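Engineer: what follows is a predicted structure for the sequence shown.
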Amino acid sequence: DNGSLIQNNVTECGILNTSNAVYTLQNNVTSNGTCFSIAANNITLDGQGFMINYSANGSLGYGINITGIRNASIMNLIIVQGSSVSNNPGIVVYSSNYSRVFNSSISTYGGGSYGLSLTNAYSNTLLNISINTTGASAYGISISSSSLNNFSCINMSVLGSSNRGALFISSGFNNSLSELNIFANATASYLQSGNSNVLHNVSIVTIGSSGIGVRVWSSSYNILSEFSINTFGSGSTGFTIDSTSISNNISNSSVITYNSSSDGIYLSQSNSNIFSNISIITMDSLSKGVFISSSSANVFSYLNINATNSTDVYISPTVNSNCNNSMDGTNTVSGKPLNYTIGSRGMIINGLNYTQSGQYIFAYATNISITNNNFAKNSLIFCFSNNSIISNNTIISSDNPLYLFNTTSSNISSILLGSLSSNAYGAYLYYSNSNIFSNISIFTNGSTAYGAYLYYSNTNTFSNISISTNGSTAYGMYIRNSNLSRISNVTI
């Protein structure tokens, strides 16, 4: 290129390497490999709505390659991968800064053929872009080791299988993304080791199994707001925050999951995150509203949780689970107050019925008295607590009526425990010792359900117990790695 095309017509693919040039495409163009390479600073390529058909014969190549330059502007293009060969992104931005891509569409068909790949790139802008990919692990947008980029008004449809997302941010910092619409077969957006990014006004639909609306993995100080997430596949979640993700702020959002084993928020091994003003609805069985595992010092406020066929808030029974999270009275479960108390001493709960009670969770509590109550739908959870009395209550749950996690020396008597779902337990003891159960009636209605399940729980006493299981592969009592318990007058 000798510069003769400055502000003149472009009619075929090639290398654009004259600084301060404006290239205007006059027709559809096709290339067997890469179509256009931007090889100088301050170049503008205006596609005028014409199509780039790249990698047409299956050779390695990109629609547009922007490497090692500054201030490129790409606009008004339809970019289409002409084959289904793998690892051929539509646009590659590598070690390039201050470039702009806008008013364009990208379609790819090969595995690993991202719509746009951004690596070691800073202060670039993406505006008004439509991206469609169908190959496996073909992200819509991949942002790697890149910072201070600004993306907005992006529509993505990513239909191939991928556990890393339509939007994948790896080691990206201080990027801003807003007004995104994502339709994904699997995970929609994935932050991996990315800190201080801002994602705002994002609409997500996932349709495949194990689809995640947003996954924040080993990432911190990110701000996520105004998300609308709908998941339709089984084993899906709205927000997954895991693997030592710290101090993220998630707010003003809604989550609806429609299939089984699909939680609204899944929080694992992550601390000091903030969740506020979030509406969560889960529609199917084994789908918790909020699932907490081995995480502490997280703050939840103004959450409206309705797990239609499961428990609204669940704390995973793991040995190193930390129940020290804050859920104040601004949170509701199934339209009723959530009562999550830490360090309570001598609290008395007496004479409530299901119209008044939401869910009760006691962490690090002592001498709690719960008597003459009628609880419906949710689980009663004791975590790292001791010396409590639970007497003359009825607890009918969509999930597991009674959990004792690392809880000792409590007296449970004269209660009815009922579980309505599969894979559930009437009474679940996990690393809980020296508790006394007497005059208890338990029923379960689902398959693979247990009347009582003891796991590494020793020296407990069961007497005058009646257990009825109605589903297939169900057990009256299941005792695993537990010793020295005394069991008498048990009818199954």
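Structural biologist: Looks like it arrived, so ask away.
Engineer: residues touching Gly289, list them.
Structural biologist: 263-265, 280, 282, 305-307, 310-313, 333 (Cβ atoms under 8 Å, 6 or more residues apart in numbering). (Glycine included, C-beta is placed from N, CA and C.)
Engineer: between the residues you listed, which is nearest Thr448?
Structural biologist: Nearest to Thr448 among those is Ser310, at 15.0 Å by Cβ to Cβ.
Engineer: quick revisit: can you list the contacts of Gly289 in a markdown table and add neighbour count and secondary structure?
Structural biologist: Formatted as a markdown table, these follow (neighbours: other Cβ atoms under 10 Å; DSSP: H, G, I helix; E, B strand; the rest coil):
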| residue | neighbour count | secondary structure |
| --- | --- | --- |
| Asp263 | 26 | strand |
| Gly264 | 29 | strand |
| Ile265 | 27 | strand |
| Ile280 | 27 | strand |
| Thr282 | 32 | strand |
| Ile305 | 29 | strand |
| Asn306 | 18 | strand |
| Ala307 | 31 | strand |
| Ser310 | 29 | coil |
| Thr311 | 31 | coil |
| Asp312 | 28 | coil |
| Val313 | 26 | strand |
| Val333 | 26 | strand |
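Engineer: sheet-wise, list the partners of the worst-scoring helix or strand of the chain on mean pLDDT with their directions.
Structural biologist: Ranked by mean pLDDT, DSSP states H and E, the weakest helix or strand in the chain is strand 8-10, scoring a mean of 86. As defined by DSSP bridges, the strand partners of strand 8-10 come to strand 22-25 (parallel).
Engineer: in this structure Asn88 contacts Ser55, no?
Structural biologist: Yes: the pair Asn88 / Ser55 is scored as a contact, 4.8 Å apart, by Cβ atoms under 8 Å.
Engineer: joint contacts of these two?
Structural biologist: By Cβ under 8 Å, 6+ apart, the residues touching both Asn88 and Ser55 are Gly61, Tyr62, Gln81, Gly110.
Engineer: surely the first one and Ser55 touch.
Structural biologist: Yes: at 4.5 Å, Gly61 and Ser55 qualify as touching, with contact defined as Cβ under 8 Å.
Engineer: touching the least confident helix or strand of the chain from outside, list them.
Structural biologist: Residues contacting strand 8-10 (Cβ under 8 Å, 6+ apart): Tyr23, Thr24, Leu25, Gln26, Val29, Leu45.
Engineer: dig out what the first one forms beta bridges with.
Structural biologist: The residues listed as beta-bridge partners of Tyr23 by DSSP bridges are Asn8, Leu45.
Engineer: distance-wise, check it relative to Thr67.
Structural biologist: Relative to Thr67, Tyr23 is positioned 17 Å away (Cβ to Cβ, to the nearest Å).
Engineer: do the same with the last one
Structural biologist: Between Leu45 and Thr67 the computed distance is 14 Å (Cβ to Cβ).
Engineer: tell me which of those two has more neighbours.
Structural biologist: Leu45 (23 against 16; other Cβ atoms under 10 Å).
Engineer: what sits against that one?
Structural biologist: Here Leu45 is in contact with Val10, Leu16, Tyr23, Leu25, Phe36, Ile38, Ile64, Ala72, Ser73, Ile74, Met75, Leu77 (criterion: Cβ under 8 Å, 6+ apart).
Engineer: try Gly112
Structural biologist: Ser86, Asn87, Gly135, Ala136, Ser137, Ala138.
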